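J.: Below is the sequence, then the predicted model.
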Amino acid sequence: MSELIGYDDFLKVDVRVGRIVAAEVFKEARRPAYKLVIDFGPEIGERRSSAQITENYTVEDLVGRLVLGVVNFPPKQIGPMRSEVLTLGVPDAAGHVVLVAPDKDAVVGGRLY
């Protein structure tokens, strides 16, 4: 477990619901990954993300899917791509990423609380 933090620290991390609107293979990545375009609603708009999720998902699986992402980290340059959001996931039994998502339809742009 990580060190304990206060509730105010948790509130600094802006986690939102987004809908994947485009996905493609990230051919230039060192490890297998996809380039994602995720719509976080009118307040935030579309953001790009690189995600190493090829073991559990195909491009066709991803478009239209809801996911959770951290929208207030600074952008990160990943090869030729600028990743603007951290798409959240947890490991499966083999250590491959499983996306974190609401289990029911949720408002795109809705904030985690």
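T.: Now that the structure is in, tell me what you want to look at. Numbers count the residues shown, from 1 in each chain.
J.: Show me what counts as buried in stretch 23-38.
T.: Neighbour-count burial for stretch 23-38 flags 23, 26, 29, 33-38 (criterion: 16 or more other CB atoms under 10 Å). No exception for glycine: its C-beta is placed from N, CA and C like everyone else's.
J.: again, but for stretch 38-50
T.: So, applying 16+ other CB under 10 Å, buried residues of stretch 38-50: 38-40, 44, 47-50.
J.: Residue 44: what secondary structure?
T.: coil (DSSP: H, G, I helix; E, B strand; the rest coil).
J.: That one touches residue 109, doesn't it?
T.: Yes - assessed by CB atoms under 8 Å, residue 44 is found in contact with residue 109 at 6.1 Å.
J.: so what sits against both of the two?
T.: Jointly contacting residue 44 and residue 109 under the rule CB atoms under 8 Å, 6 or more residues apart in numbering are residue 16.
J.: circling back: so which pair among the buried residues of stretch 23-38 is furthest apart in space?
T.: 29 and 38 (17.3 Å; CB to CB).
J.: Against residue 35, how distant is the nearest residue to residue 79 once chain neighbours are set aside?
T.: Once flanking residues are discounted, residue 79 sits nearest to residue 28: 4.6 Å by CB to CB, 6 or more residues apart in numbering. Residue 28 sits at a distance of 9 Å from residue 35 (criterion: CB to CB, to the nearest Å).
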